[in-house]
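Asks: Here is my input, please return the structure:
(4 chains)
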Protein chains: 2
Amino acid sequence: MLTRELGLFLKRVVFANNREFFRALQEAGISFTQLKCVGLLVEAGGPMSLGALSEELALSPAAVSRAVDGLVQRGELRREEDPEDRRSKIVSLAAKGRATYDRIIAVRLAGVRSFVEELEPGERDALGSALHPIIERLSL
Amino acid sequence: MLTRELGLFLKRVVFANNREFFRALQEAGISFTQLKCVGLLVEAGGPMSLGALSEELALSPAAVSRAVDGLVQRGELRREEDPEDRRSKIVSLAAKGRATYDRIIAVRLAGVRSFVEELEPGERDALGSALHPIIERLSL
DNA sequence: TATTGTTATACTCTATAACTATA
DNA sequence: TATAGTTATAGAGTATAACAATA
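Replies: Residues are numbered from 1 along each chain as shown, chains lettered A, B, ... in the order given. Next up is the predicted model:
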């Protein structure tokens, strides 16, 4: 029962916003995979090898190599040889990449915010009270 | 504050499950766009023209035409001329399409369910109590 | 020899444009 | 002439395989 209701809720909040989100991606001139590359580096909080990116994204090394290449050319990411293993490339976030990520994620959050604003005050309070301990416990 | 927490929550519940979801799609031999076509027909509760599908999916008529063509060939959907306007094609759900949709959506719901099962009883109750009136009011 | 990443090639999905049939 | 849908063509993104450099 809760599973079903939570499923409906997720669908409503996430997918209502999809069109604007993909338009924002297009305007930024960045692909969905490229956004995920940047996002992964943001969340990791530090550099990652190309192989690690490939693993996390569940994409082929070839695809990630191409995606990263585009981002490096645009100045969103940096790519350097690992001095400890020169086969490996270390990919890291440039300031521009961080800004691009924040800008696109803001579009997603705006969708969530507009949903929250549609809630009635009592609904909002109850949702906040329910989510807060979950977020805390799972360290989200 | 609630917006941010809800955003983290959504991300956690939806994307934790993505890998299995896309594997299920691949095993079903159906593309994401094709799943959305079928899903739209399921939710509409009746047939739609190809143009209406194209509009709802925000995809070109050409892309939807190809996606539907594949689904028709596999027996997931039916496509017939509209007797009232023979330029228009009426696309409707076949039993196989409905079954395919249910099977793939079950994978998504399994992800939601496993999240719900991770919750502690008090968290689960609070979340259910918060979501229920929202679902009711928005008729989700 | 094995591993990391890149390049070559083929495939899928998409949009735009040209086209067919119907209105 | 306009509209609904299909087919032709080109572009983006991906996987597999072949390759280069390093271990």
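Asks: For stretch A:44-62, give me every contacting residue.
Replies: A:33, A:36-37, A:40-41, A:63-65, A:67-68, A:79, A:82, A:88-93, B:19 (Cβ atoms under 8 Å, 6 or more residues apart in numbering or on different chains). For glycine as for every other residue, the C-beta is placed from the backbone atoms N, C-alpha and C.
Asks: how about the strands in chain A?
Replies: Counting by DSSP state E, the segments of chain A that form strands are A:48-49, A:77-82, A:85-93.
Asks: and these as CSV, adding mean neighbour count, mean pLDDT and distance to A:G29?
Replies: Listed next are those as CSV, based on neighbours: other Cβ atoms under 10 Å in any protein chain shown; pLDDT from 0 to 100; distance: least, Cβ to Cβ, whole Å:
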stretch, mean neighbour count, mean pLDDT, distance to A:G29
strand A:48-49, 17, 98, 23
strand A:77-82, 16, 98, 14
strand A:85-93, 15, 98, 18
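Asks: interface residues of chain A facing DNA strand D?
Replies: By the rule Cβ under 7 Å from any atom of the strand, the part of chain A lying against DNA strand D is A:31-34, A:58-63, A:66-67, A:70, A:85-87.
Asks: before we move on, back to that, any idea which of the strands of chain A gets closest to B:A130?
Replies: B:A130 sits nearest to strand A:85-93 of all the strands of chain A, at 35.9 Å, using Cβ to Cβ.
Asks: Hey, what's the angle from that closest one to strand A:77-82? Just curious.
Replies: Angle of strand A:85-93 versus strand A:77-82, following axes from the mean of the first three to the mean of the last three Cα atoms, to 10 degrees, is 160 degrees.
Asks: Which single residue of chain A approaches DNA strand C most closely?
Replies: Here the residue of chain A nearest DNA strand C is A:G51; by Cβ to the nearest atom of the strand that distance is 2.5 Å.
Asks: Pull the number of nearby residues for that residue.
Replies: A count of nearby residues for A:G51, using other Cβ atoms under 10 Å in any protein chain shown, gives 14.
Asks: What sits closest to the most centrally placed residue in chain A if chain neighbours are left out?
Replies: With distances taken as Cα atoms, centre = their mean, A:G39 lies nearest the centre of chain A, 4.2 Å away. Excluding the flanking residues, the one nearest A:G39 by Cβ to Cβ, 6 or more residues apart in numbering or on different chains is A:Y101, at 5.9 Å.
Asks: which residues sit in contact with A:E84?
Replies: Contacts of A:E84 by Cβ under 8 Å, 6+ apart: none found.
Asks: What pLDDT is listed against it?
Replies: At A:E84, the predicted lDDT confidence score is 97.
Asks: distance of it from chain B?
Replies: Per Cβ to the nearest Cβ, to the nearest Å, A:E84 is found 30 Å from chain B.
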